[in-house]
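Engineer: All I have is the shape, not the residue letters:
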């Protein structure tokens, strides 16, 4: 079996199909930002600690800094750009605004993505569940409390009859 | 911001194909949660990676006789959620749900954790405590070994460059009760203590495995009735001072966490 130096991938990103050719060294975060122009996904620590590059791949949370774009072939990817429906924000995004969970904003996409992944896996999380799930995301502005409140508020609204 | 060094990628779909691809200049790529970081820091520069994620045989999670078999590409999250682990080895589930963060657990594999031989692993102490064994396969044939035999030092496992960790086997039905208690202020534990009571030919043997504070996990077995003191255990350990604390501080934390783990074990009904 020969080793490949360029790889064709066909992921579905935020509902749109893409066909791209990437080198093996291209990370998911680089692919989203540089190939697709989806710059909502940030990079910072690049060692899977800070969480700003978080995206959801086939339902699972992934650090875009430490995953290969080559692995996205056939996968469904959700980035922060895919959370809203048209101009309608998701419950979590709306809750972030209302609880003042954003200050400088750099960490916000990562928290929104991880919060979304948490609420998908556990729609009624306790405060401890939220704190545990978000332990891999760093915010240097808010002190975390408004972010935790936002996730709990979104969970409450999502559970309420529409 | 740094980029990964260039490399070529093999994408085998069987173990046989993966073994054909593996040689001295390549490395197997599992979750990549350690390997890709080490490559980004230029600590490792393989010519090519052999992506083992799409090999169905390596995603096995099943009972074979009186052992649980976990394939070499099974992630922490998958194992933690699997009904066999939930039913048969709840202590393993509890430890796996404490590994890293949700993204690490969703990508990282138990096998990768072993092969990377991270001295601050949560997984290695519990697998050692549970008497797990591993199988390394290569075109030269399989080798079975214990965790002791596999983990030779910090970041140093007994895998040869052409070998692949195909499965982890954990004996079932021996553990009477078990706990894992860790102290952690940063990304990795300062100390992690696995304590369990297991049945050894009718006698209840108490085992304590202490990870993260030393280069290699430390294991002690105690006969029934033998007194166990965290302080005296900690005094015999070659504690490694690091960013998590000085030698003196960590020795103190180890002693306290051993005592707390044993107290928690006494309160535990069953495994």
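Structural biologist: Ah, there it is. Remember, predicted model here, so these are calculated numbers, not experimental data.
Engineer: now the strands for the chain?
Structural biologist: In the absence of a named chain, this looks at chain A. Assignment of strands within chain A using DSSP state E yields the ranges A:7-9, A:12-13, A:16-17, A:20-22, A:54-57, A:60-63, A:76-78.
Engineer: Sorry, I should have been clearer: chain B.
Structural biologist: Assigned by DSSP E, chain B shows strands spanning B:8-10, B:26-29, B:48-51, B:61-64, B:67-71, B:133-137, B:143-146, B:151-153, B:156-157, B:164-171, B:175-183, B:191-200, B:203-211, B:218-222.
Engineer: Serialize those strands to a markdown table and add fields for distance to chain A.
Structural biologist: Yep, even glycine has a C-beta here, placed from its N, CA and C like the rest. Converted to a markdown table, the strands of chain B look like this (distance: least, C-beta to the nearest C-beta, whole Å):
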| stretch | distance to chain A |
| --- | --- |
| strand B:8-10 | 3 |
| strand B:26-29 | 8 |
| strand B:48-51 | 4 |
| strand B:61-64 | 17 |
| strand B:67-71 | 18 |
| strand B:133-137 | 16 |
| strand B:143-146 | 23 |
| strand B:151-153 | 22 |
| strand B:156-157 | 20 |
| strand B:164-171 | 14 |
| strand B:175-183 | 13 |
| strand B:191-200 | 16 |
| strand B:203-211 | 19 |
| strand B:218-222 | 27 |
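Engineer: want to throw the ones you listed into TSV with distance to residue A:101?
Structural biologist: Below are these laid out as TSV (distance: least, C-beta to C-beta, whole Å):
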stretch	distance to residue A:101
strand B:8-10	39
strand B:26-29	36
strand B:48-51	37
strand B:61-64	38
strand B:67-71	38
strand B:133-137	44
strand B:143-146	48
strand B:151-153	42
strand B:156-157	42
strand B:164-171	41
strand B:175-183	29
strand B:191-200	32
strand B:203-211	36
strand B:218-222	43
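Engineer: In JSON lines: those strands, plus distance to residue B:268 and mean neighbour count.
Structural biologist: Listed next are these as JSON lines, based on distance: least, C-beta to C-beta, whole Å; neighbours: other C-beta atoms under 10 Å in any protein chain shown:
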{"stretch": "strand B:8-10", "distance to residue B:268": "45", "mean neighbour count": "22"}
{"stretch": "strand B:26-29", "distance to residue B:268": "37", "mean neighbour count": "24"}
{"stretch": "strand B:48-51", "distance to residue B:268": "40", "mean neighbour count": "24"}
{"stretch": "strand B:61-64", "distance to residue B:268": "23", "mean neighbour count": "13"}
{"stretch": "strand B:67-71", "distance to residue B:268": "20", "mean neighbour count": "22"}
{"stretch": "strand B:133-137", "distance to residue B:268": "25", "mean neighbour count": "21"}
{"stretch": "strand B:143-146", "distance to residue B:268": "25", "mean neighbour count": "14"}
{"stretch": "strand B:151-153", "distance to residue B:268": "26", "mean neighbour count": "16"}
{"stretch": "strand B:156-157", "distance to residue B:268": "31", "mean neighbour count": "16"}
{"stretch": "strand B:164-171", "distance to residue B:268": "19", "mean neighbour count": "22"}
{"stretch": "strand B:175-183", "distance to residue B:268": "4", "mean neighbour count": "21"}
{"stretch": "strand B:191-200", "distance to residue B:268": "8", "mean neighbour count": "24"}
{"stretch": "strand B:203-211", "distance to residue B:268": "12", "mean neighbour count": "20"}
{"stretch": "strand B:218-222", "distance to residue B:268": "16", "mean neighbour count": "16"}
